[in-house]
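*Asks:* Provided below for reference: sequence and predicted model.
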Amino acid sequence: MVKVKKKSGTLEEFMKVKIVSVCQRAGATAKEAGGVAEDVSKKVVKKTMVTSEEIGKMVVDSLKKVNKAAADTFAKFKK
């Protein structure tokens, strides 16, 4: 299982459902959010650890392809 290193230094398991949730809160549709979560999952599955910052960048990059407004909202939220 992939571990996520948070800004605080704590570790937690990677959960695709969290990406879906945050994308939808940023304005993406359920279908768009699911696609972004799947895209990011494919990128991190080969790793043992990834930082929350890396995941955030992957989410923005993937979200920009399907919903630029939601990507911009998510990027502002991450700051």
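*Replies:* Nice, I can see it.
*Asks:* okay, strands next: where are they in this structure?
*Replies:* 3-5, 11-13, 49-51 (DSSP state E).
*Asks:* now those in a markdown table, with distance to K78 and mean pLDDT?
*Replies:* Every C-beta, even on glycine, is put in place using the N, C-alpha and C of the backbone. Formatted as a markdown table, those follow (distance: least, Cβ to Cβ, whole Å; pLDDT from 0 to 100):
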| stretch | distance to K78 | mean pLDDT |
| --- | --- | --- |
| strand 3-5 | 14 | 96 |
| strand 11-13 | 17 | 96 |
| strand 49-51 | 13 | 97 |
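*Asks:* any idea which of those is most buried?
*Replies:* strand 3-5 (a mean of 16; mean count of other Cβ atoms under 10 Å).
*Asks:* list the helices and strands that strand packs on?
*Replies:* Contacts defined by 3 or more Cβ pairs under 8 Å, 6 or more residues apart in numbering; DSSP states H and E place strand 3-5 against strand 11-13, strand 49-51, helix 52-66.
*Asks:* okay, now the sheet partners of it, with direction.
*Replies:* Here strand 3-5 is paired, per DSSP bridges, with strand 11-13 (antiparallel), strand 49-51 (parallel).
*Asks:* re the thing from before, could I get the strands of the chain as TSV with distance to A26?
*Replies:* Formatted as TSV, the strands of the chain follow (distance: least, Cβ to Cβ, whole Å):
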stretch	distance to A26
strand 3-5	19
strand 11-13	21
strand 49-51	20
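*Asks:* check which helices and strands the lowest-mean-pLDDT helix or strand in the chain is in contact with.
*Replies:* Every helix and strand in the chain was compared by mean pLDDT, DSSP states H and E; the lowest is helix 68-78, with a mean of 91. Applying 3+ Cβ pairs under 8 Å, 6+ apart, we find helix 68-78 packed against helix 16-25, helix 52-66.
*Asks:* again, only this time at 6 Å
*Replies:* Packing contacts for helix 68-78, counted by 3 or more Cβ pairs under 6 Å, 6 or more residues apart in numbering; DSSP states H and E, involve helix 52-66.
*Asks:* distance check, the residue nearest the centre of the chain against V44.
*Replies:* Central residue of the chain (Cα atoms, centre = their mean): V59, 3.9 Å from the mean position. For V59, the distance to V44 equals 11 Å [Cβ to Cβ, to the nearest Å].
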